[in-house]
Each structure stands twice: as C-alpha cells, then as structure tokens.
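Asks: The sequence isn't on hand, but the structure is:
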C-alpha cells in the first residue's frame, strides 16, 4: 500500500501499468523536463504547491528541492546563505 493511501483504495497506476511523469510549474525548474519520456504517461503537476528548498549541503555541493523550485529561486537562496562557491547545474533526466 502506498503511504497515505486508505485501505481498500484502488491503485490504478499499478493495475493498468500506467507510467506517471511528474512535472513542475516552472519552465526553468530544478526537477527536469516537462515532456513525458514514456508514451502514454500521465503527467502530474507537482510544482504549484511544492516549491520549498528542503536542504542545502555546501560540503557535498548538493541541494534537495521540491519540484516547483526554479533555478533562480535556488540561486537566490544560495547567494543569501553566502554559498557563492556553489553553482547550479542542469538536472539529470536519466537516460537509456
């Protein structure tokens, strides 16, 4: 059962083998591209309400962000925290 799901609820994604593709609200987001990578995917917009920067680790040069965080918002937060040695790279969308 998926966390937060009620007992007895259906799982259509698993029942019908539908690929779910998350998308953010920004064209310049940190979560990757907007176009689904698999034909027949259902696109879920997570960016409208999920726009928090969860963690910035300057020692590992890593950031944990929600899908709605734009590159500019992350850049501004890095500057505000004094992490001018960190830079933003494009997200990895994976590959085949």
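Replies: The structure has been received and is ready for your questions. Note that the structure is predicted; figures quoted are calculated from it, not measured.

Asks: so who does residue 73 touch?
Replies: Contacts for residue 73 were tallied using CB atoms under 8 Å, 6 or more residues apart in numbering; they are 51, 53. Any C-beta I mention is one placed from the backbone N, CA and C, and that applies to glycine too.

Asks: That one should be in a helix, yeah?
Replies: Yes - under DSSP: H, G, I helix; E, B strand; the rest coil, residue 73 sits within a helix.

Asks: got a pLDDT number for it?
Replies: On pLDDT, residue 73 comes in at 90.

Asks: What of residue 93?
Replies: Reported pLDDT for residue 93: 56.

Asks: Offset the numbering so it begins at 318, please.
Replies: Happy to do that; since the first residue is 318 now, the last one works out to residue 410.

Asks: give me every residue that touches the nearest residue to residue 400 once chain neighbours are set aside.
Replies: Among residues not flanking residue 400 along the chain, residue 375 sits closest, at 5.0 Å (CB to CB, 6 or more residues apart in numbering). Each residue near residue 375 by CB under 8 Å, 6+ apart is listed here: 398, 400, 402, 403.

Asks: so residue 338 touches residue 357, yeah?
Replies: No - in this structure residue 338 lies outside contact range of residue 357 using CB atoms under 8 Å: 10.2 Å.

Asks: and these two? which has more neighbours close in?
Replies: residue 338 (15 against 9; other CB atoms under 10 Å).
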